[in-house]
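**Student:** kindly generate the corresponding structure for this input.
(chains A and B)
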Amino acid sequence: MIRWRKIFRPQPVQMVTEGMQRLTFNRRVMVVGGAQALVGAVLAARMGWISVIDGSQYRLKAESNRVNLTLIPPRRGWIVDRYGKALADNRVALRVDIIPDRLHNRAATLGRLAQILSLDADTLDRVNRALDTNHGAQPIEVLSDLDEARFAAVSVHLPELPGVSPTRGFTRNYPTGPSVAHLIGYIGAPSAEEYAKDRNPLMLTPGFKMGKDGIEKYFDRELRGQPGARRAEVTARGRLVRELDTLPDRPGAPLQLTIDADLQDYASRRLGLESGACIVIDCLTGGILTMTSMPAFDPNSFTDGIGRLEWKMLNEDDHIPLLNKAVRGLYPPGSTLKPMAAVALQLAGVDPDETVSCGGGYRLGGRLFRCLGVHGPVNMTRAIEKSCNTYFYTMAHRVGYDAIAPVAKAMGLGQEFDLPGTNQRYGTVPDSAWKMRRYQQRWSVADSLNATIGQGYVSVSPLQLAVMAARIATGRNIVPQLLLSRAMTAPQPLPYPAEMFTVPRAGMAGVMQPGGTGARSRLLIPNVQMAGKTGTAQVRALVNGRNAGSNYKSRDHGLFVCFCPVEQPRYAAAVVIEHGMGGARAAAPVAKDVLTFLYDREAAMQSLLALEAGWGGTMAERLQRRYASYQAEAGLVPTLPVPPDAASSATNNAPVDAAVPIPASGDVPAAADPAPGAATPAPSTAPPAGPTPVPPPPAAAGPA
Amino acid sequence: MRAAIPLAVQRFLPWHIVLTLALLVSFGATVLYSAAGGSFEPWAGNHIIRFLVCLTIATTLSFIPEGWWRQGAIPGYSAILLALLGVELIGAVAGGGQRWLNLGFMRLQPSEFMKPAVVILLAHFYALLPPTQTKVWAGLWPALAVIGVPMALVMLQPDLGTAIAIGVGGVTVAFLAGLPMRWFLGAAGVGLAALPALFLMLHDYQQRRVLIFLDPESDPLGSGYHITQSKIAIGSGGVFGKGFLNGTQSHLEYLPEGHTDFVFATMAEEWGLLGGLFLLFGFGLLLRWGWRVADRAPTRFGRLVAGGLTMTIFFYMAINMLMVMGLAPVVGIPLPFMSHGGSSMLTVMICIGIIMGVDRETRRDRWSL
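**Tutor:** Next comes the predicted model:
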């Protein structure tokens, strides 16, 4: 406690002499000087602490200040088919960037560059705006994916273009474009949400793309690879002082699928103008040879973010190109279920030789369930051949649908399969318990009758139909596979007596014989016979008779399941054509050509080329024409882009093995490429989470 | 060494101190040469020229007899106080913190000259004050006024660093004059207790600096950037430094103000702990000389002036080095003889010139005996 009065009270008792004052001064000099020495000691100790004890930590920080690490996006691993042919590879992408820091005279350089590259006003405006806000060593993209001729022109003129940097990068390439769109998916720049999930600095690297859908997304980690890095000394403001060294990227591991790339492409093209799906399964292993859904988008155009107009075009198409119908399209299977029902009926004790007389329908109470014809007496085999509804109505009434539904499930219907990168919808195989659960209603005989001929509550995906065909063909529990693996074993037999499959197979073989519903689409390959079953699924209740309206959306779906060769089944397939007006008419011819391709490519190609001539060109040509008409409609000048094959033919000579670094072709002056070696995909200035519309997952609602 | 120098020359100047200063300034010029990327332009050459000019001024001042200083103490102090007020008025008109008067041919920063002026006036006051009065109120309040008024004016500019420097010089004189110890302890106690209130009186940016000083990593890209980068520069220098012209923090512009307030970090990066110890040693020699002069001075005025000015010089050095090492908040105080910048070197050299004057009188007395 301070006693203020005492402090400030005059204290005459205390006589202070000059001598005492001098003594006080000397003492206090000691105090102040000592304090100063102490501060000096503290400073020395502190400096020693910082520079010696914490020195290594600060040296590290100084080094990380000094050195700027520019990540080089790794080349994605290839996705190859069962023979090693690329479904997705990387092609050299030539690009021209500007490094703001090295630019001396912006107007002059840009003017010259615009002349050489014939840049339009939009591009110049964008580059100018980017240069206004960006400084330093981070490149700004001027033009990407340009052709060899213009790239060479820039390279030649480099001495007059300080700050301009032509670079060779890599970009994803899907050689067959739309054919693999739904199977492989596509890639794109990471979004803000994806970065929030994985705070990898690579995600922010310009030019980095990640899998957004399908296999590209599912195996993104494996395909991604290890980024390379370019070390450079930079100032605090980002000015480049000098390049230090470059670490090349390590490409992602290649991924081999069970797909047959040529067949996949053929099937996709063969679907033509229709909306539909085609699946071919290898009956020995369950490997999926082809799984295509048409129409489709071109995954190549998604890589750099799809344009608004192109997105609009895809969205407005009534053929739903953004839906993978092979695994997400659900359809009433129609008569394609009859061979499966035949197995179930035998298991329920029906003698296949028992005949039912078809008089054009089956009367249940006051209601007539129609047959498509008047078939007279039919046994089980003939009922399949002729697709006689009356027979199956009769038998289903006898055994009840609860005896058929378990077999349908065992054949793969209503099931979800473990296929990477697919987002399957598994549909419905109804039975009495299901109906009670779903509608709180009892199962009726009419329900059984409808379900038996693949109408009513039943809905399945094309993939399930193909699995069903494969299981009936082999009697084995075929499980579809997408990844090719050495350890693939022959599937186990189904838990049914083998002879149960004899009649359905015979019936399906009969379908393709004269008098059968699919006779016109039988294979024309010597010694190879096909067995199949057509199906026609009603989309709307019959109003004015079948297919009376020309309204596309109300036409019947056409379905077809098949396998070949009949005696020793090797391939099983399913084809669904939306609104194809009948299985025999729309689906079976596609299946015929696709299976023909496996045996006689030339014959199959001839058939396809004739068809494509009538359709107005190849898939790519039709897609481009469609886009051009869309552009015209939107009031834009249609710009028919150079097909990617033509643009990159000079550079797209990459070897098959993705692990082998792809050599840079051409002869760019060393100055053109800031880092040595081929692995210099230049970062683009596109923001990682840019405003480019990225398509959401395909619409959830299936057709029908 | 002293024997080698002729007596007449010895009498002219304290040569060992001039030599120490020359060494420090040369070292400073070397660091500035490197900071400019290996060039005398724009700092290093200028630095040496300024030193020579300031040394001339200091030498001239050292010939002014003690009596003149004492006679000029009150008028000088008053004139500088008026100049401070002038700055304040101009600042109020112009809007914003102004610290200098534009005289046309040069910019005059009156607060710089206030530091020695306060010390001289207080030394004069306590030399006049009868010894019996030092322990009473009459010995305190004039000092409080002499220190407080200019401090308040400078604080308004706002220039916290200079205000504290003025206060430290003045309080040291009062302390050395023999004012009761309990007054200082009491004031220190009250000041400590009032610290939160004082903190609230600071400007926003000053408050932020103090907070960031307490936790520099909280704002690594903002104001804490200075301290963080400075510590990186010092720490990465290690014991022997990265070598002349090899500093990356300074050359790649990560270290802000690398040629002015943070010149110590620029030095430490290239010369390491050894460079820092050399600098501390040089500063120590200078301060020891200051105290010796104070100790030997024959008059009370001389003792108090030399002590107060030595403290003023020390304050510059200590605060700057504490700041760059992250032990004090960032205040704009340069490092004497090392930092590039005119007015601070002039102030310090004026202080040294006056101390040399005291030294001269001391020795003349001794020689004349």
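
**Student:** excluding covalently adjacent residues, which one is nearest to the residue of chain A found nearest chain B?
**Tutor:** Using C-beta to the nearest C-beta, the closest approach of chain A to chain B is made by A:Tyr58 at 2.6 Å. Heads up, the C-betas are built off the backbone N, CA and C, glycines and all. Closest residue to A:Tyr58 apart from its sequence neighbours, by C-beta to C-beta, 6 or more residues apart in numbering or on different chains: B:Gly235 at 2.6 Å.

**Student:** A helix includes that neighbour, no?
**Tutor:** Yes. Counting by DSSP: H, G, I helix; E, B strand; the rest coil, B:Gly235 falls inside a helix.

**Student:** pLDDT value on it, please?
**Tutor:** In this model, B:Gly235 is scored at 93, pLDDT.

**Student:** and it, how close does it get to A:Ala634?
**Tutor:** To A:Ala634, B:Gly235 is 61 Å away according to C-beta to C-beta, to the nearest Å.

**Student:** tell me which of those two has more neighbours.
**Tutor:** Counting neighbours by other C-beta atoms under 10 Å in any protein chain shown for B:Gly235 and for A:Ala634 shows that B:Gly235 has the greater number, 28 against 12.

**Student:** right, and that one touches A:Ser51 too?
**Tutor:** Yes. Using C-beta atoms under 8 Å, B:Gly235 is in contact with A:Ser51, at 5.4 Å.

**Student:** can you report how many residues lie near A:Asp317?
**Tutor:** A:Asp317, neighbours per other C-beta under 10 Å, totals 14.

**Student:** which element is the most centrally placed residue in chain B on?
**Tutor:** When C-alpha atoms, centre = their mean is applied to chain B, the residue found nearest the centroid is B:Tyr316 (3.5 Å). Per DSSP states H and E: B:Tyr316 is located in helix B:300-324.

**Student:** who are the packing partners of the helix or strand just after that helix?
**Tutor:** Going down the chain from helix B:300-324, the next helix or strand is helix B:342-368, by DSSP H and E. Contacts defined by 3 or more C-beta pairs under 8 Å, 6 or more residues apart in numbering or on different chains; DSSP states H and E place helix B:342-368 against helix B:7-12, helix B:15-35, helix B:45-62, helix B:66-94, helix B:110-128, helix B:263-296, helix B:300-324.

**Student:** quick one: helix B:342-368 to helix B:300-324, angle?
**Tutor:** Here helix B:342-368 points in a direction 140 degrees away from that of helix B:300-324 (axes from the mean of the first three to the mean of the last three C-alpha atoms, to 10 degrees).

**Student:** next, the closest residue to A:Gly307 other than its chain neighbours: secondary structure please.
**Tutor:** Nearest residue to A:Gly307, sequence neighbours excluded (C-beta to C-beta, 6+ apart): A:Ser301, at 7.7 Å. Secondary structure, three-state DSSP: A:Ser301 is helix.

**Student:** run a quick neighbour tally on A:Ser301.
**Tutor:** The local packing of A:Ser301 (other C-beta under 10 Å) involves 21 other residues.

**Student:** my read: it touches A:Trp311, true?
**Tutor:** No. Applying C-beta under 8 Å, one finds A:Ser301 not in contact with A:Trp311, separated by 9.9 Å.

**Student:** shared neighbours of B:Gly235 and A:Ser51, anything?
**Tutor:** Counting by C-beta atoms under 8 Å, 6 or more residues apart in numbering or on different chains, the residues touching both B:Gly235 and A:Ser51 are A:Tyr58.

**Student:** near chain A, which residues of the stretch 151-300 of chain B?
**Tutor:** B:172, B:175-178, B:180, B:182-183, B:186, B:189, B:229, B:231-239, B:248-249, B:252-254, B:268-269, B:272-273, B:276-277, B:280, B:283-284, B:287, B:291, B:294-295, B:300 (C-beta under 8 Å from any C-beta of the partner chain).

**Student:** quick one: buried ones out of those?
**Tutor:** Neighbour counting with 16 or more other C-beta atoms under 10 Å in any protein chain shown marks B:172, B:175-178, B:180, B:183, B:229, B:231-238, B:248-249, B:252, B:254, B:268-269, B:272-273, B:276-277, B:280, B:283-284, B:287, B:291, B:294-295, B:300 as buried within those.

**Student:** and A:Leu69, what does it touch?
**Tutor:** A:229-231.

**Student:** report the secondary structure state of it.
**Tutor:** Quick answer, by three-state DSSP: A:Leu69 is strand.

**Student:** distance check, the residue nearest to the centre of chain B against chain A.
**Tutor:** 12 Å (C-beta to the nearest C-beta, to the nearest Å).

**Student:** select only the buried ones of the contacts of A:Leu69 in PyMOL?
**Tutor:** Buried members of the contacts of A:Leu69, defined by 16+ other C-beta under 10 Å, are picked up in PyMOL with:
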select buried, chain A and resi 229+230+231
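
**Student:** turn the contacts of A:Leu69 into a markdown table, including secondary structure, distance to B:Ser39 and pLDDT.
**Tutor:** Shown next, in a markdown table, are the contacts of A:Leu69 (DSSP: H, G, I helix; E, B strand; the rest coil; distance: C-beta to C-beta, whole Å; pLDDT from 0 to 100):
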| residue | secondary structure | distance to B:Ser39 | pLDDT |
| --- | --- | --- | --- |
| A:Ala229 | strand | 34 | 83 |
| A:Arg230 | strand | 30 | 80 |
| A:Arg231 | strand | 28 | 85 |
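
**Student:** export the contacts of A:Leu69 to TSV and tack on distance to chain B?
**Tutor:** Formatted as TSV, the contacts of A:Leu69 follow (distance: C-beta to the nearest C-beta, whole Å):
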residue	distance to chain B
A:Ala229	19
A:Arg230	17
A:Arg231	14
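
**Student:** contacting residues for the closest residue to chain A within the stretch 151-300 of chain B?
**Tutor:** Residue nearest to chain A within the stretch 151-300 of chain B (C-beta to the nearest C-beta): B:Gly235, separated by 2.6 Å. Shown in contact with B:Gly235 (C-beta under 8 Å, 6+ apart): A:50-51, A:54-55, A:57-59, A:61-62.

**Student:** adjacent strands (with direction) for the longest strand anywhere in chain A?
**Tutor:** In chain A, with assignment by DSSP state E, the single longest strand is strand A:86-98. With DSSP bridges as the test, strand A:86-98 is paired with strand A:79-80 (antiparallel), strand A:140-144 (antiparallel), strand A:164-173 (antiparallel).

**Student:** ok so A:Leu289 is a strand residue?
**Tutor:** Yes. Counting by three-state DSSP, A:Leu289 falls inside a strand.

**Student:** would you confirm that it contacts A:Val280?
**Tutor:** Yes. Under the criterion of C-beta under 8 Å, A:Leu289 makes contact with A:Val280 at 4.3 Å.

**Student:** those two: who's more crowded?
**Tutor:** Neighbours were counted for A:Leu289 and for A:Val280 using other C-beta under 10 Å; A:Val280 has more, 31 against 25.

**Student:** for that one, name its beta-bridge partners.
**Tutor:** With DSSP bridges as the rule, A:Val280 is bridged to A:Thr290, A:Ala573.
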